[in-house]
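Participant: below: sequence and its predicted model.
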Amino acid sequence: MNAAKRQLAEIRFNVNGVERCVSVPPMKRLLDVLREDLELTGVKEGCGEGECGSCSVLIDGVLVNSCLVPALQADGCKIITVEGLAANGALGDIQQKFLELGGTQCGICTPGMMLAAESLLRKNPRPDLDAIREGLAGNLCRCTGYMRIIDAVRHSMQKPILAEEKTELEAVRR
Amino acid sequence: MRDTTPTRIVGTPVLRKEGFGKVTGGAHYIDDIALPGMWHGATVRSSIARGAIKEIRFGGGIAWNEFVIVTAKDIPGENCIPLIMDHDQPVLADKRVNHPEEPIVLLAHPDKALLHEAVAAVEIDYDPLPAVFTIEESERQQTIVWGENNCIKHYLVEKGEVDSAWQSAAHIVTGEYRTGAQEQLYIENNGVIAEWSEADGVTIRGSMQCPYYVHKALLRVFDLPSEKVRVIQMETGGAFGGKEDYPSLIAAHAGLLARKAGRPVKIIYDREEDLAATTKRHPSRTRYRTAVDKDGRLLAMDIQVDLDGGAYATVTPTVLSRATIHACGPYFCENIRVRSHAWATNLPPHGAFRGFGSPQTIFGIERHMDQIAKAVGITPEEARRRNFLAQGKTTATGQLIRDPINLPGMLDRALRISDYNAKQARFARENVESSGIKCGIGIASFMHGAGFTGSGERYLNSLVALEADAKGRVTVLVSSTEFGQGTNTILSQIAAEALGLPIEDVSTAQPDTSRVPNSGPTVASRTTMIVGRLVCDAAIALAAILREKKLLGENFAVTEFRAACAAYTNQFGALRAEASYQAPKDIFWDDAAYKGEAYPAFAWAVYVAEVAVDTRTYMAEVVNFYALQEVGRVMNPMLATGQIEGGVAQGVGYALYEKVVWKDGRMSNNQMTNYIMPTAVDVPNIEVYFEEMPCEHGPYGAKGLGELPHDGPAPAILNAIQNATGVSFTSIPLLPEDIFLRMAETTELAALEAAGSVK
């Protein structure tokens, strides 16, 4: 089988607030679609089997490993990647705290880790230590020993990332 | 001279220089780069541990004419990665293979998705040869797999008269300790992109620690002059030693494919390949025979250190060296013999990993100190206190300790910080009543030598340059790489401090061998102390150039510096200063006798681990961890704390989680699903404390600290487990099944003893 013969599917989704459409093999990993077709290389691959969480993105507000999601499954969804955490060039709160409090070292787990933090804080704006550890347990970091990351999450105040998500977020909180 | 002058920038928590890119996703790692016309490369590897290659066939169902295929015969220069020993590891196995996963054939194709199938379709026939997989099999020397006797390297360190000390000893304490392989598990897998042209030679971009190691390797492999090999480090997603030597091999592979394909070729390993094929920490066995007097003072230490080096020498001689020198721990003893050997096996070569041999022997000595304490009938802390090295005493290599270290004071502080005595008493009380959870507390005291061992820094002869532009913005030019430890930030802080500039005015250049001088490899806890010192020297030289031209006074404001840079560049062109390594005058090392000043400075530490062992599930959990260290002046408290915490977490993994399962020389659990590293839930609360005693060798009093935190956690944790359970475990990783087996044995033995069957 060569590339030209593969069937392509048209996938439409909202990525970081922008409507996008790509023609890709339907089983292509969402991770690869984001990185290769949309050039959102902030999404990282660490293991390709859903263990490390480096490829974490939010799909309709749910934290998922994009290496385990076929493109077809993301059709019609709202996706947030690390590129969607900063608004108009200004760092989001979580990003700011990761930077200020030493939550990033080599940086490869950082995008996924911040999305895990984002997901946690949406569900639980005032998590205790155990809840933070639990919320980050799907994302591996080899550099930090997690202490500075936990600290960064503790100091992050939840704010909606995108205005349009406010309602969605409030719905989650209710 | 000890530098204790107050500083503006050094010692403050300056934000990570490249942090913005890392938190926005804008930082470019190698897999984020695509060059026009780029193909993808893949590696066909040996399926057996040792044997002769009989035939390579390209099986059916693949359009082989679409692929570029490279074998050993396509190598224009030498088929060898030069590192410490010549004619060591081949770039591609030619007539024979010496370990599973050894690279044999390389493939490139424009469509990455087709490579997997193509790799599987390459059929290789072998005549298998007998292989060895353990230290024991190798040292038996029945099957010779390396050189004449399987021994890659050996050292002998001798001090005093070991053999005469045994008769007068009140106690002779012996012990054997083992450590397993450990995967560095950087979250970014290895990867490079190579370009080739006849005019420019080979250009490599990649994830790496040591651009000039790659440079040196490619000169030989491609038979090119220095200017036709260019190596550029991209943002690197963790390394920990795992990207010290291996990137040279991948770079050579990608370069060979690019040369034959006539286009750029990218090779990115996936996790399974990275785990199975690349280096791990050397497995070890250390044996201690110690003579102690009735008070627990060390009279003699006879130590054997044995490492499993894997199939090629690579960095093994230097790993063994560090293991040997650290084998006596931070203790003074008149009579010492350390015999150490690195044995070849048919495993993939073991390589560098944070600590570089010292976590192995520190595990041995620090577990052994608890056994000495038990034999003498004193507490573990007292056994240590009575034997600590101190100013004016000598180490195993005869190195005189000149620094005013205060290990008893550090021990006291660590015990106080951790509330050691009260906790130990409480645990002893509560463990009696608890049928399930048994708690314990343990300590480890240790040191780590900063910089290359012995004459290493003299041979490296590192060079650093600083440039300033017309606006007075300074660029630090070094081959020292950033991979999370903070190189960019620390070196910028040092230059900014030395020139009186704001931190924003200083940055580091991307390591690119066509632009930066060779400041040595980014290894061995040397970047801050050795390279940082050179950055400081170069900054002083830069100001001196401006003064020489009468553009700058003795003391100057930032605005004056900027004006001077503008005037200089206007009149004379580029403003650049260099500094090269000058060996300290009082450092002497005898490589033949293995005596002298092994390191310009040691960092010292006392760690305390608090554990809870569930005697129903046999899970051991580290509950709290206290890390106290003396690392000279701390350059950036936030980065230093983070680095220590990360090292402790890796040490927790080393002790309790991370097990490489070998099957016929191949890692069989080469997935993150079944090679388990600690998550945010598994790491204890880690408290980090520093003692700051400015060191004369480093810039502004700094010493190295990168590797130190990996040395102490494993023995501290197993000492705590012994305190909790009464069982002395001597091998890591210590998984629940290992605890179960030993405790079941112990319980059975106790039952038999109670019944009078065993005396």
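Facilitator: Sure, I can see it.

Participant: for the one residue in the stretch 251-400 of chain B that gets nearest to chain A, give me its contacts.
Facilitator: In the stretch 251-400 of chain B, the residue that lies nearest chain A is residue B:271 (4.3 Å; C-beta to the nearest C-beta). Yep, even glycine has a C-beta here, placed from its N, CA and C like the rest. Shown in contact with residue B:271 (C-beta atoms under 8 Å, 6 or more residues apart in numbering or on different chains): A:46-49, B:189, B:670-672.

Participant: show me which of those are buried.
Facilitator: Taking 16 or more other C-beta atoms under 10 Å in any protein chain shown as the criterion, what is buried in the contacts of residue B:271 is A:46-48, B:189, B:670-672.

Participant: and those, which two are the farthest apart?
Facilitator: A:46 and B:670 (14.1 Å; C-beta to C-beta).

Participant: any stretches of chain A with poor pLDDT?
Facilitator: A:1-6, A:157-174 (pLDDT under 70).

Participant: domain parsing of it, as residue ranges.
Facilitator: Per automatic domain parsing, the domain ranges recorded for chain A read A:3-84, A:93-173.

Participant: who's in contact with residue 10?
Facilitator: All of this refers to chain A. Contact partners of residue A:10, counting by C-beta under 8 Å, 6+ apart, are A:21-23.

Participant: I was thinking of chain B, sorry if that wasn't clear
Facilitator: Counting by C-beta under 8 Å, 6+ apart, residue B:10 makes contact with B:493-494, B:497, B:633, B:635, B:699-700.

Participant: which stretches of chain A form strands?
Facilitator: A:9-15, A:18-24, A:56-59, A:62-65, A:78-80 (DSSP state E).

Participant: of those strands, flag the one that's most buried.
Facilitator: strand A:56-59 (a mean of 24; mean count of other C-beta atoms under 10 Å in any protein chain shown).

Participant: which other residues reach it?
Facilitator: For strand A:56-59, contacts defined as C-beta under 8 Å, 6+ apart pick out A:30, A:34, A:43, A:63-66, A:69, A:74, A:77-81, A:111-113, A:115-116, A:118-119, A:138-139.

Participant: what pairs with it, parallel or antiparallel?
Facilitator: Applying DSSP bridges, strand A:56-59 is found paired with strand A:62-65 (antiparallel), strand A:78-80 (antiparallel).

Participant: distance from the last one to the middle of the chain?
Facilitator: Centroid separation for strand A:78-80 versus its chain: 8 Å, with C-alpha atoms, centre = their mean, to the nearest Å.

Participant: what's that strand in contact with?
Facilitator: By C-beta under 8 Å, 6+ apart, strand A:78-80 touches A:13-16, A:30, A:34, A:57-61, A:115, A:118, A:161-162, A:165.

Participant: ok and the residue in chain A nearest chain B?
Facilitator: Scanning chain A for proximity to chain B using C-beta to the nearest C-beta identifies residue A:42 as nearest, at 1.9 Å.

Participant: how near is that residue to residue B:409?
Facilitator: 47 Å (C-beta to C-beta, to the nearest Å).

Participant: neighbour-wise, which of these two wins?
Facilitator: Neighbour count, other C-beta atoms under 10 Å in any protein chain shown: between residue A:42 and residue B:409, residue A:42 has more, with 26 against 13.

Participant: which residues does the residue lying closest to residue B:33 once chain neighbours are set aside contact?
Facilitator: Nearest residue to residue B:33, sequence neighbours excluded (C-beta to C-beta, 6 or more residues apart in numbering or on different chains): residue B:193, at 6.1 Å. For residue B:193, the contacting residues are B:30, B:33, B:35, B:38, B:204-206, B:254, B:264-267, by C-beta under 8 Å, 6+ apart.
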